[in-house]
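Chemist: Give me coordinates for this.
(one chain, ligands or ions: 1)
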Amino acid sequence: MSLSDKEVLNIFTKTEALLSGHFLLTSGRHSDKYFQCAKVLQYPNYTEQICSNIAEYFRDFEIDTVIAPAMGGIIVGNEVARQLGKHSIFTEREDKVMTLRRGFSLEPGEKVLVCEDVVTTGGSVFEVIEIVKSLSAEVVGVGFIVDRSNGKVNFGYPQKSTLTVEVISYPPDDCPLCKENKISLVKPGSRKAEK
Ligand code: ZN
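Modeler: Numbering: from 1, shown residues only. A predicted model of the protein is given here:
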């Protein structure tokens, strides 16, 4: 059973993964939205429901293995693999270079589904794709929870995201929310309002 866009959005709102207001992002810019996928993935039942959209999309694809970049992708990859009855492995950075460690490996010709939590430019996913190709395995698709590129990102394989959001941000000295001066600036995670 797949969730509708509205049901997915409800889960994000309910778990405070997607907040509306006036936020100070880690980049220093201001935004009217804040997005933290881990807030959803802390609930296994919501993770199961949301990942079912990815698993159902790829159900009829020939897949041997699910692979995901650490940290964000691991929970998603694991849950999608569970629903597809496959196994999941993950890549991680070693001296900034994405690698397969911990005895994980891919055989030539192995059919691989790449999973991730949030995609903005898709950097980590592209790195995982390169690892798969370098081992002569085959990427069959890319599944991810949130597309923050507003649908612009294209991995060149069948891809499925469960939610598309565009987070627009402003430089602090040119922020319309600051100018309106109605909602005080909040640094997400700190719960402390800043002015
Ligand atoms: Zn502002």
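Chemist: model confidence over the longest helix belonging to the chain, on average?
Modeler: In the chain, assigned by DSSP state H, the helix with the most residues is helix 44-58. Helix 44-58 carries an average pLDDT of 97.
Chemist: quick check: angle from the helix or strand just after that helix to helix 44-58?
Modeler: For helix 44-58, the following helix or strand on the C-terminal side (DSSP states H and E) is strand 65-69. Calculated by axes from the mean of the first three to the mean of the last three C-alpha atoms, to 10 degrees, strand 65-69 forms an angle of 120 degrees with helix 44-58.
Chemist: quick one, helices of the chain?
Modeler: Along the chain, counting by DSSP H, helices occupy 5-14, 38-41, 44-58, 72-84, 123-134, 176-180.
Chemist: Need those helices in JSON lines (columns: mean neighbour count).
Modeler: C-beta coordinates here come from the backbone N, C-alpha and C atoms, glycine included. Shown next, in JSON lines, are those (neighbours: other C-beta atoms under 10 Å):
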{"stretch": "helix 5-14", "mean neighbour count": "15"}
{"stretch": "helix 38-41", "mean neighbour count": "20"}
{"stretch": "helix 44-58", "mean neighbour count": "19"}
{"stretch": "helix 72-84", "mean neighbour count": "22"}
{"stretch": "helix 123-134", "mean neighbour count": "18"}
{"stretch": "helix 176-180", "mean neighbour count": "12"}
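Chemist: So which of those helices is nearest the ion?
Modeler: helix 176-180 (3.5 Å; C-beta to the ion).
Chemist: Any part of the closest one near the ion?
Modeler: Yes. Using C-beta under 5 Å from the ion, helix 176-180 reaches the ion at 177-178.
Chemist: mean confidence for that helix?
Modeler: For helix 176-180, mean pLDDT rounds to 95.
Chemist: centre of the chain versus it, how much separation?
Modeler: The chain centre lies 30 Å from the centre of helix 176-180; the measure is C-alpha atoms, centre = their mean, to the nearest Å.
Chemist: pLDDT score for Glu194?
Modeler: On pLDDT, Glu194 comes in at 42.
Chemist: Flag every residue of the protein that's near the ion.
Modeler: By the rule C-beta under 5 Å from the ion, the part of the chain lying against the ion is 30, 175, 177-178.
Chemist: now the angle between helix 5-14 and the longest helix of the chain, please.
Modeler: If you take the same axes, to 10 degrees, helix 44-58 sits at 150 degrees to helix 5-14.
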